[in-house]
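Undergrad: The amino acid sequence is not available; the structure is as follows:
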């Protein structure tokens, strides 16, 4: 059975979640990790252009959530006044 994929924009997140919500969610995730209630495989890092891309997936049993953090880093960003990693 196919499951629906939910994609949430940055604007939707920032408009509906407070910083204290983010902090609580991070705290809850660390507790779940400490209790062995997560599956966090090693991050995948590969070259992209002048930098790297990193994908960091994780699964949390409660609230049954699959998440992924995707970031890239480019040495050339600093010279342009941009953050090295985004």
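TA: Yep, that arrived. Worth saying up front: this structure is predicted, and the values here are computed from it rather than measured.
Undergrad: mind listing what residue 9 touches?
TA: Contact partners of residue 9, counting by Cβ atoms under 8 Å, 6 or more residues apart in numbering, are absent. The way it works is simple: take the backbone N, C-alpha and C, and place the C-beta from them, glycine included.
Undergrad: switch to 10 Å and redo it
TA: Each residue near residue 9 by Cβ atoms under 10 Å, 6 or more residues apart in numbering is listed here: residue 15.
Undergrad: now residue 42
TA: 56, 57.
Undergrad: same question, residue 18
TA: Residues near residue 18 by Cβ under 10 Å, 6+ apart: residue 24.
Undergrad: Can you check the pLDDT for it?
TA: What the model reports as pLDDT for residue 18 is 91.
Undergrad: How much space separates it from residue 30?
TA: To residue 30, residue 18 is 19 Å away according to Cβ to Cβ, to the nearest Å.
Undergrad: and what of residue 23?
TA: Look at residue 23 and residue 30: by Cβ to Cβ, they are 11 Å apart.
Undergrad: Equivalent analysis for residue 77, please.
TA: With the distance defined as Cβ to Cβ, residue 77 ends up 29 Å from residue 30.
Undergrad: Give me the more crowded residue out of those two.
TA: A count of neighbours by other Cβ atoms under 10 Å puts residue 77 above the other of residue 77 and residue 30, at 16 against 11.
Undergrad: Skip the chain neighbours and tell me the closest residue to the more buried one.
TA: residue 84 (5.3 Å; Cβ to Cβ, 6 or more residues apart in numbering).
Undergrad: The one you found is in contact with residue 50, isn't it?
TA: No: using Cβ atoms under 10 Å, residue 84 is not in contact with residue 50; the gap is 11.4 Å.
Undergrad: can you list residues touching both of these two?
TA: Shared contacts of residue 84 and residue 50, defined by Cβ under 10 Å, 6+ apart, are found at 73, 74, 75, 76, 77.
Undergrad: any chance of the residues you listed in a markdown table, plus secondary structure and pLDDT?
TA: Formatted as a markdown table, the shared contacts of residue 84 and residue 50 follow (DSSP: H, G, I helix; E, B strand; the rest coil; pLDDT from 0 to 100):
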| residue | secondary structure | pLDDT |
| --- | --- | --- |
| 73 | strand | 90 |
| 74 | strand | 89 |
| 75 | coil | 85 |
| 76 | helix | 86 |
| 77 | helix | 85 |
